[in-house]
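1. the sequence and its predicted three-dimensional model are supplied below.
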Amino acid sequence: MNAEAADYLRMAHASIHAAETLLTAKDYPGFIVSRAYYAMFYAATAVLEEHGMSYGKHSSVISTFGRDFANTGKVPLHLHRYFIDAYDDRSTGDYEPNAGLTETQAIAQISRAKEFVAEIEKYLKTQP
């Protein structure tokens with residue numbers, strides 16, 4: 001794995017840790033969801049970086065990840081859905097006052113982020 005991809009994976013793990021830390025406060029579901037999304041974003045960016053692709057827009061990372069990795073079976077297809085849903089929840093939590101995100105949603109997003117990052121790490125370990 002190249003250095004940039006490894007750096008992004010470290011950021012993914014740090015984002016999961018931050019989400020779990022915020023969860024203990026039981027008062028910040030929007031921020032928790034945001035950190036869980038960023039864990040997925042950084043992991044997806046690691047995959048793209050490993051293959052020499054770099055994008056500045058979140059939508060480009062999401063669509064390229066889906067097209068080139070999830071839809072081709074290189075990673076489980078449902079990860080793309082997790083990524084899209086996390087992006088939507090993050091946008092809601094970050095940009096809509098009184099978004100109404102719940103602790104249950106936050107816990108679910110952390111769980112999905114952990115699965116996402118683990119699957120990406122597994123995939124990257126198979127790359128030459």
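-> Looks like it came in fine.

2. please enumerate the helices of this protein.
-> For the chain, the helices defined by DSSP state H cover 3-25, 29-50, 58-65, 78-95, 103-125.

3. return the member of those having the minimum mean pLDDT.
-> Lowest mean pLDDT within those: helix 78-95, a mean of 89.

4. in the chain, which residue is closest to the centre?
-> Met40 (0.9 Å; Cα atoms, centre = their mean).

5. in contact with that residue, which residues?
-> By Cβ atoms under 8 Å, 6 or more residues apart in numbering, the contact set of Met40 is 12, 82-83, 86, 112-113, 116-117. All C-beta spots, glycine's among them, are computed from the backbone N, C-alpha and C.

6. who wins for most neighbours among the residues you listed?
-> Neighbour counts for the contacts of Met40 peak at Ala113, which has 30 neighbours (criterion: other Cβ atoms under 10 Å).

7. returning to that earlier point: can you lay out the contacts of Met40 as JSON lines showing distance to Thr24?
-> Shown next, in JSON lines, are the contacts of Met40 (distance: Cβ to Cβ, whole Å):
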{"residue": "Ala12", "distance to Thr24": "20"}
{"residue": "Tyr82", "distance to Thr24": "23"}
{"residue": "Phe83", "distance to Thr24": "25"}
{"residue": "Ala86", "distance to Thr24": "20"}
{"residue": "Arg112", "distance to Thr24": "19"}
{"residue": "Ala113", "distance to Thr24": "16"}
{"residue": "Phe116", "distance to Thr24": "22"}
{"residue": "Val117", "distance to Thr24": "20"}
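
8. I'm done for today, thanks for sticking with me.
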